[in-house]
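J.: Everything below, folded, please.
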Amino acid sequence: MNIIEILNNFLNNLHKRSLQPKKVKIVDYTKDRQYVGHIIINVLTERINVQKALLLFPKDSEDPSIQAAWHALCHYEADEDISSKDNLFLQEQLEYLEFIAFTFKDGKELPQNIIDSYKQYHEEALIPHAKGLGGLVKKLFKSINT
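T.: Next up is the predicted model:
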């Protein structure tokens, strides 16, 4: 076999691979969403505070809905001084968190407009990483890529 035949074989194989459909990794976030919905309910019923709730979120979650919920809780905590003075603002925040919790109760994803509303301010949620070597590696790769 000469060099031209080898290159032709290589290019043919490369072309065949490029025509094959890409394998899409489908992840079911239903249980994580239900768990986060439960966490938010615990915040709304004052069983836990927001800081503890944020630490309870599923580690390394890549679900855009869960990341949006994480941001919603952060904003709820950050706007505490405003909501303490403005009852209407507080009611809107509580209804918003309630909507998220009940959407997650059924394992559903949040509407895209809610997810997008947080992406314009935050590229990603700072959800804590899992402990151990896997979490450390993810943390290192995130710091390298930023």
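J.: low-confidence ranges in this structure?
T.: For the chain, the stretches with pLDDT under 70 are 1, 14-15, 17-22, 121-146.
J.: Scan it for its longest helix.
T.: For the chain, the longest helix by residue count, based on DSSP state H, is helix 87-105.
J.: How far does it sit from its chain's centre?
T.: Here helix 87-105 is found 18 Å from its chain centre; the criterion is C-alpha atoms, centre = their mean, to the nearest Å.
J.: Equivalent analysis for stretch 105-120, please.
T.: That offset, for stretch 105-120, works out to 9 Å (C-alpha atoms, centre = their mean).
J.: ok, and for that stretch, which residues are buried?
T.: Neighbour-count burial for stretch 105-120 flags Gly107, Glu109, Leu110, Ile114, Ile115, Tyr118 (criterion: 16 or more other C-beta atoms under 10 Å). Heads up, the C-betas are built off the backbone N, CA and C, glycines and all.
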